[in-house]
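Colleague: Here's a sequence, model it:
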Amino acid sequence: MKPELKDLLMKVDKPARYCGGEFNTPEIKNGVPLRFLMCFPDVYEVAHSNLGIKILYYMLNRRADTACESCYMPWADMAGELKKRGLPLFSQETQTPISGFDIVGFSLQYEMSYTNVLAMLELGGIPLKRTERDERAPIVVAGGPCVINPMPLTDFIDVFSIGDGEDAINALADVVVRAKKEKLTRMRTLQRIAGIDGMFVPGISNGKVRRAVIDSLETAFFPTKVQIPNIEAVFQRAVLEIFRGCTRGCRFCQAGMIYRPVRERTPETLKRYAEELINHNGFDEITLSSLSTCDYPCLRELLADIKPLCDARHVNISLPSTRVDSFEAEFVASGRLSSMTFAPEAGTQRLRDVINKNVTEEDILTSCRYAFEKGYHSVKLYFMIGLPTETDEDICGIADVVKKIKYCYKTCAASRKPLSVSVSTSTFVPKPFTPFQWEPQISLDEISRKQNLLKSLLRPLSVKYSYHDGKTSRIEATLARGDERMNAVLEAAYKSGCIFDSWTEFFDYDKWTAAFDACGVDMEDYCGEQSYRSTLAWERIETGISREFLEREREKSRRGELTADCRKGCNNCGINKEYPSAFRKNCAGENKC
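Modeller: All right, here's what the predicted structure looks like:
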């Protein structure tokens, strides 16, 4: 490390965030045609909990013609020191300024990280506006779930990678390597990139851009030797992705819509990956990751295969995305006997039917009973407030669920410890490509009123209650459903000092509202109800889910009608027509375990 950087690290909190040298870092090749920087616009500890960037990072480094490095958003003290010393933001592995790479890619996992993207570009000496970048500037790429609506960032991002990244990122690398060899201009290179499936290039792409979808997860690249962070990550564990997508059809859930169709890995492949993860990384926990892990049809077989391996190495198995209706005693027994987490989302059956949760109160209590009989003594419950058609009766239903869970523990608990119950609520944010994409978000006053009502109901029950700040949810809604006008608002907010907007200590709602005012943009344009008659900003993207299906699901929600799990029969969402190969291999019987 350069002497000036060593001195710099002595001035900041947690210098291990920036010094590199993580265990299992691949060899960074010299003299290769393509230098790629993988960026995560949040702090080091959060970035090292993300599986997506690990997949792409290790896949790119397997290429003989590519060297991929990493970079994370520096904390405020480090950013201040870089500015004071006139030093650019640099990569972890070789401390190369980020402007020195051919491609700078950002993984956008949540909307409240957008100002950090601008901060990292500016710290790295890369012009914020794509139109101001010359031939020497890197091509700035963004991927991840948020870019399903790329419009709020089109002024700043050169290329959006929409959908699954495994094939798309390799195709992007191929095009750029070839373009460099042919000495193509920046514009000509971008024109070629626009021809890749899933790539949206502002100013060049015409018509709709189809989401990239890999046909098979079984044959997709998966890293089993990953970097071990220098300091503890937010989630310090091995992650094994067992399948991608979801068949449940919850009407508020964007991930459940945009990751269709479901693609599964076989138990044999997962057992091999689990063994390699345990051998290569030293974690004491392995999580079986998906949107709804207990829906994996071979879960019993998989647990039977990997539990002996994990027990022998004192590795715990966790099922983080357990659904209350599929939680069974065998699965409870595979984890540490302490806390379980459920997400009923709504407090009454009426509202659970509105959102198509397909979970009953009896499911919740049966699952709790199984767990309590096995020795669990802590329950975490996640709900949403502000869901379409919600009334105060639905809020009261949350407290009723808690009361019944407490009574259940009293009657069947194996543990002698007192039951600990924590309730967390988030505010409903209408997201693109969901049946609720047209719905309004409730006002700040109504958010506060509902939170206070629930607080008063839970206080006598000795329940820990936490909730997301309504103002943050308000800005999240504007960014999630934003159009091109949001570019100016985003830049104004950043220029006024907005960074780390997902962190309570940094978020400043007044600066955001001032940015809207300065740009002459009405926040209610994005938070209010959207018209069926209007073309929505994000409809530049083709996800495979038909607008007719989404409208039909919204109308069914108004009647409280359920739509069955896709595993029980096709609901004609459009995926079968738009992506027939992936649908046939995964949903029509060719690749079921």
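Colleague: what's the closest non-adjacent residue to residue 105?
Modeller: Computed as Cβ to Cβ, 6 or more residues apart in numbering, the closest residue to residue 105 that is not its neighbour in sequence is residue 141, at 4.3 Å. To be clear about C-beta, it is placed using only N, CA and C from the backbone, and glycine gets the same treatment.
Colleague: repeat for residue 550
Modeller: residue 435 (5.0 Å).
Colleague: tell me the pLDDT at the one you found?
Modeller: Residue 435 is assigned a predicted lDDT (pLDDT) of 98.
Colleague: Counting neighbours, what do you get for it?
Modeller: For residue 435, the count of nearby residues is 27 (other Cβ atoms under 10 Å).
Colleague: mind checking the SS state of it?
Modeller: The local conformation at residue 435, judged by DSSP: H, G, I helix; E, B strand; the rest coil, is coil.
Colleague: if I read this right, it contacts residue 251, doesn't it?
Modeller: Yes. Using Cβ atoms under 8 Å, residue 435 is in contact with residue 251, at 4.2 Å.
Colleague: May I see the buried residues of stretch 213-221?
Modeller: Neighbour-count burial for stretch 213-221, counted by 16 or more other Cβ atoms under 10 Å, picks out 213-215, 217-218, 220.
Colleague: which of those sit farthest apart?
Modeller: Farthest apart among the buried residues of stretch 213-221 by Cβ to Cβ are 213 and 218. That separation is 14.4 Å.
Colleague: Between residue 435 and residue 251, which contacts overlap?
Modeller: Jointly contacting residue 435 and residue 251 under the rule Cβ atoms under 8 Å, 6 or more residues apart in numbering are 553-554, 557.
Colleague: From these, list the buried ones, please.
Modeller: In the shared contacts of residue 435 and residue 251, the ones that pass as buried (16+ other Cβ under 10 Å) are 553-554, 557.
Colleague: gap between the residue nearest to residue 550 and residue 561?
Modeller: For residue 435, the distance to residue 561 equals 12 Å [Cβ to Cβ, to the nearest Å].
Colleague: Listing request: residues of the stretch 251-400 of the chain with sub-threshold pLDDT.
Modeller: 321-338 (pLDDT under 70).
Colleague: now with 90?
Modeller: Applying pLDDT under 90 to the stretch 251-400 of the chain picks out residues 282, 292-295, 300, 317-342, 359, 363-364, 366-376.
Colleague: Which parts of it are helices?
Modeller: Assigned by DSSP state H, counting those that start in this stretch, the helices in the stretch 251-400 of the chain fall at 254-258, 267-281, 299-312, 329-332, 349-354, 361-373, 392-412.
Colleague: In CSV, list those along with mean neighbour count and distance to residue 455.
Modeller: Shown next, in CSV, are the helices of the stretch 251-400 of the chain (neighbours: other Cβ atoms under 10 Å; distance: least, Cβ to Cβ, whole Å):
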stretch, mean neighbour count, distance to residue 455
helix 254-258, 22, 28
helix 267-281, 18, 41
helix 299-312, 16, 37
helix 329-332, 17, 30
helix 349-354, 21, 19
helix 361-373, 20, 21
helix 392-412, 17, 10
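Colleague: and the ones you listed as TSV, adding distance to residue 474?
Modeller: Formatted as TSV, the helices of the stretch 251-400 of the chain follow (distance: least, Cβ to Cβ, whole Å):
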stretch	distance to residue 474
helix 254-258	18
helix 267-281	40
helix 299-312	38
helix 329-332	37
helix 349-354	22
helix 361-373	30
helix 392-412	19
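Colleague: Look up how far residue 46 lies from the residue nearest to residue 105.
Modeller: From residue 141 to residue 46 the distance is 20 Å (Cβ to Cβ).
Colleague: Taking the centroid of the chain, which residue is nearest it?
Modeller: Nearest residue to the geometric centre of the chain (Cα atoms, centre = their mean): residue 109, 4.2 Å.
Colleague: doesn't residue 69 make contact with residue 93?
Modeller: Yes. Residue 93 is within contact range of residue 69, at 4.4 Å (criterion: Cβ under 8 Å).
Colleague: what do these two both touch?
Modeller: If you check residue 93 and residue 69 against Cβ under 8 Å, 6+ apart, the residues they both contact are residue 28.
Colleague: So if I had to pick from these two, which one is more boxed in?
Modeller: Neighbours per residue (other Cβ under 10 Å) separate residue 93 from residue 69, with residue 69 holding more: 25 against 21.
Colleague: Please name the residues that touch that one.
Modeller: By Cβ under 8 Å, 6+ apart, the residues touching residue 69 are 28, 35-38, 91-94, 96, 101.
Colleague: could you redo those residues as JSON lines and give each row secondary structure, pLDDT and distance to residue 290?
Modeller: Listed next are the contacts of residue 69 as JSON lines, based on DSSP: H, G, I helix; E, B strand; the rest coil; pLDDT from 0 to 100; distance: Cβ to Cβ, whole Å:
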{"residue": "28", "secondary structure": "coil", "pLDDT": "97", "distance to residue 290": "32"}
{"residue": "35", "secondary structure": "strand", "pLDDT": "98", "distance to residue 290": "33"}
{"residue": "36", "secondary structure": "strand", "pLDDT": "98", "distance to residue 290": "28"}
{"residue": "37", "secondary structure": "strand", "pLDDT": "98", "distance to residue 290": "29"}
{"residue": "38", "secondary structure": "strand", "pLDDT": "98", "distance to residue 290": "23"}
{"residue": "91", "secondary structure": "coil", "pLDDT": "97", "distance to residue 290": "31"}
{"residue": "92", "secondary structure": "coil", "pLDDT": "96", "distance to residue 290": "29"}
{"residue": "93", "secondary structure": "coil", "pLDDT": "97", "distance to residue 290": "30"}
{"residue": "94", "secondary structure": "coil", "pLDDT": "96", "distance to residue 290": "35"}
{"residue": "96", "secondary structure": "coil", "pLDDT": "96", "distance to residue 290": "36"}
{"residue": "101", "secondary structure": "coil", "pLDDT": "98", "distance to residue 290": "32"}
